[in-house]
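Participant: A structural model of the following input is requested.
(2 chains)
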Amino acid sequence: MSKTPDAGDSPDSKALSRRRFLRGAGGVAAGGVLAQGLIGCAEAPARATAQEPPEPAAPAGGETLEGELEIELSINGQARKLRCEPRTTLLSALRHRCEPALTGTKEVCDRGNCGACTVHVDGKPALACLLLAVDQRGKQITTIEGLGSPEKLSALQQSFWTHDGQMCGFCTPGFVMSIQACLDKQPKASLEEIKRSCSGNICRCGTYPAVFEAALAVARGGK
Amino acid sequence: MKAFKLHNPTDLESALALLDTPEARSGATRVLAGGQDLLTEMKEHLAEPDALVNLKHIPGLDQVHAGADGSLEIGALCTLAALEEHAEVAQRLPALAQAAGVVASAQIRSQATLGGNLNQRPRCWYFRSEHAPCLKKGGTECFSYGGMSKYNAILGGGPSYIVHPSDLAPALVALGASAEIVSAKGSRTVALEKYFTLPSESDVKRETVLQPGEILRRVLVPAPAANTRSSYTKFREKGSFDFALASVALALVLEGGTIRSSRVVLGGVAPIPWRSKAAEAALEGGQPSRALFEKAAAASVRGAEALAHNGYKVPLAKGLVIRALEELCA
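Facilitator: Next comes the predicted model:
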């Protein structure tokens, strides 16, 4: 696991994270899933920073988050530390709170209507605008940057290029992520399955036919 | 979005305790599951809670338990994607699996939960606009009544004319499901048919019997009777993904060419999933035929009163009932 440049592990942050971990674990006879979740929290501390409020009226089991926090998310296989609030969406965190920023995930409607901010959470397609960043601790986030790079495009990205699957390109990362999730599950997806997988993505330029061609080419093992 | 405190309890008792305070009961605390509706409400300033109680760290709330008797207990945090793909749901309750599969988009289905789908707020554009102080937001007027009513109710409306947006609700009512509700005070079970409330019979600002402090914990679906068939048929203005203009959930017992019993529940046309006992009576004891289906379809919209722009929903709902019956009895 590589670390981002600002991923300082100060003794302070460790102490805080342990405290939160212990507080969280205290009232709970943890089952497997739960234990995993808590270990996730311990490694990716929900660290309240300088202005940490006084001890919240903590429930018997669990944690309460408020104000500015430092959290760690696993994005494209890298541990990324960032500061955010409970209300910060994953979309906002990727674009505005990560350093360097991850701007491949696009903000368009910010209401779950357009699909431009589609990412994968634990391999499943999801809308980054409708997820809280702090809720994604311990999960594997994949963004468009995690599929390929300008130097080495993924097969699907290359196919979008080859088949002219974009015009202005603003919706493209969302389409690629939706269709990639479909192909990960069904490598030989049919046209109907591909259409259904990206039915939540809107392209205002209307490049749908070329998008479907690009996706089908990959599903058929071609270019 | 207004800043809020996020509680991440890891057991149900803690979650219920957090909801059992005077502040929480005043509505300042909301329950967070998949967040696919709640976050949009918060972004539009329709909901501005001081705190959220996040249920996603509580183990077990998303579990589906298949009983040996053929019944199913479905945890409220089960995602729509999981519901659609669950083998026993698909096998025993086709109407529910079909309904889960036509909600919104793949991205939303992967996060949205059963409980959130049943408790989502209406889509009426007056309700969704923070600038329209409508009846459901504490105002004095339902603007759809004299305004743009294309997507509003033809049945059961008044004084508010919202339609209930859930696809799962009609399917689950057709399947005779009930809701298990928990609070710090205990638990209660309500037939899903009684879970949803008409604006005329209850607080116009709510759509369900769920009270502050309560959580919908799971939905219980009894074993379907032998020879039961069920389906969910939805009509959308935009085929790719959309809420229903109208939909119909059916559960029929078809034996020896005769419809022994039936449940007919319309979606997208009323403030609640609209069970039509008149349509059921028309079908029961009958033999599947176009004439019978037309009779049931006419009965299903009996009493419909269109507003200025939603008269199309009457023939649409009737057509859907006929289509759904033809497909299910084929």
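
Participant: Give me the pLDDT value at the one residue in the stretch 1-150 of chain B that gets nearest to chain A.
Facilitator: Here the residue of the stretch 1-150 of chain B nearest chain A is B:S105; by Cβ to the nearest Cβ that distance is 2.2 Å. Any C-beta I mention is one placed from the backbone N, CA and C, and that applies to glycine too. On the pLDDT scale, B:S105 is placed at 98.

Participant: wait, doesn't it sit right on A:R196?
Facilitator: No. B:S105 is beyond contact range of A:R196, at 9.1 Å (criterion: Cβ atoms under 8 Å).

Participant: Now the residue nearest the centre of chain A: closest residue in space, sequence neighbours ignored.
Facilitator: With distances taken as Cα atoms, centre = their mean, the residue of chain A nearest its centroid is A:I141 (3.6 Å). Distances taken as Cβ to Cβ, 6 or more residues apart in numbering or on different chains place A:I75 nearest to A:I141, at 4.6 Å, with adjacent residues excluded.

Participant: residues contacting the one you found?
Facilitator: A:94, A:98, A:102, A:141-143, A:146 (Cβ atoms under 8 Å, 6 or more residues apart in numbering or on different chains).

Participant: How about B:S129?
Facilitator: Contacts of B:S129 by Cβ under 8 Å, 6+ apart are B:E44.

Participant: likewise the one 4 residues further on?
Facilitator: Counting by Cβ under 8 Å, 6+ apart, B:P133 touches B:G139.

Participant: what about whichever helix or strand the residue nearest to the centre of chain A is part of, average pLDDT?
Facilitator: Assigned by DSSP states H and E, A:I141 belongs to strand A:140-142. Summarised as a single mean, pLDDT over strand A:140-142 is 98.

Participant: Now render the contacts of A:I75 as a markdown table, adding distance to B:G75.
Facilitator: Below are the contacts of A:I75 laid out as a markdown table (distance: Cβ to Cβ, whole Å):
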| residue | distance to B:G75 |
| --- | --- |
| A:L94 | 30 |
| A:C98 | 33 |
| A:L102 | 33 |
| A:I141 | 25 |
| A:T142 | 27 |
| A:T143 | 30 |
| A:G146 | 31 |
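
Participant: Return the residues in contact with A:R83.
Facilitator: By Cβ under 8 Å, 6+ apart, A:R83 lies in contact with A:49, A:68-71, A:97.

Participant: Oops, could you answer that again for B:P199 instead?
Facilitator: B:135-136, B:157-160, B:162, B:271 are the contacts of B:P199 under Cβ under 8 Å, 6+ apart.

Participant: Nearest to B:V265, out of these: which one, please.
Facilitator: Nearest to B:V265 among the contacts of B:P199, counting by Cβ to Cβ, is B:P271 at 13.7 Å.

Participant: so is the closest one in a helix, a strand, or just coil?
Facilitator: coil (DSSP: H, G, I helix; E, B strand; the rest coil).

Participant: I'd like the distance between it and chain A.
Facilitator: B:P271 sits at a distance of 23 Å from chain A (criterion: Cβ to the nearest Cβ, to the nearest Å).

Participant: Not counting sequence-adjacent ones, nearest residue to the closest residue to chain A within the stretch 201-330 of chain B?
Facilitator: Nearest residue of the stretch 201-330 of chain B to chain A (Cβ to the nearest Cβ) works out as B:S240 at 4.0 Å. Excluding its sequence neighbours, the residue lying closest to B:S240 (Cβ to Cβ, 6+ apart) is A:S199, at 4.0 Å.

Participant: in the host helix or strand of B:K234, what counts as buried?
Facilitator: Secondary structure assignment for B:K234, by DSSP H and E: strand B:228-236. Neighbour-count burial for strand B:228-236 flags B:228-235 (criterion: 16 or more other Cβ atoms under 10 Å in any protein chain shown).

Participant: ok, which stretches of the stretch 151-300 of chain B are helices?
Facilitator: With helices called from DSSP state H, counting those that start in this stretch, the stretch 151-300 of chain B shows them at B:168-174, B:192-195, B:277-283, B:290-300.

Participant: Using CSV, write out every CA atom in the first one.
Facilitator: So the one you mean is helix B:168-174. The C-alpha trace of helix B:168-174 is given here as CSV (Å, rounded to 0.1, in the frame of the first residue of the first chain):
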residue,chain,number,x,y,z
LEU,B,168,-41.6,-2.5,-3.8
ALA,B,169,-44.6,-1.4,-1.9
PRO,B,170,-47.3,-2.6,-4.4
ALA,B,171,-45.5,-5.9,-4.9
LEU,B,172,-45.2,-6.5,-1.1
VAL,B,173,-48.8,-5.5,-0.5
ALA,B,174,-49.9,-8.0,-3.2
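
Participant: So what touches that helix?
Facilitator: Outside helix B:168-174, the residues touching it (Cβ under 8 Å, 6+ apart) are B:80, B:83, B:93, B:95-96, B:98-100, B:103, B:114, B:117-118, B:192-193, B:196, B:219, B:221, B:230, B:232, B:247-251, B:263-267, B:272-275.

Participant: Distance check, the residue of chain A found nearest chain B against B:R109.
Facilitator: Nearest to chain B, among the residues of chain A, is A:G200, at 2.2 Å (Cβ to the nearest Cβ). As judged by Cβ to Cβ, to the nearest Å, A:G200 and B:R109 stand 9 Å apart.
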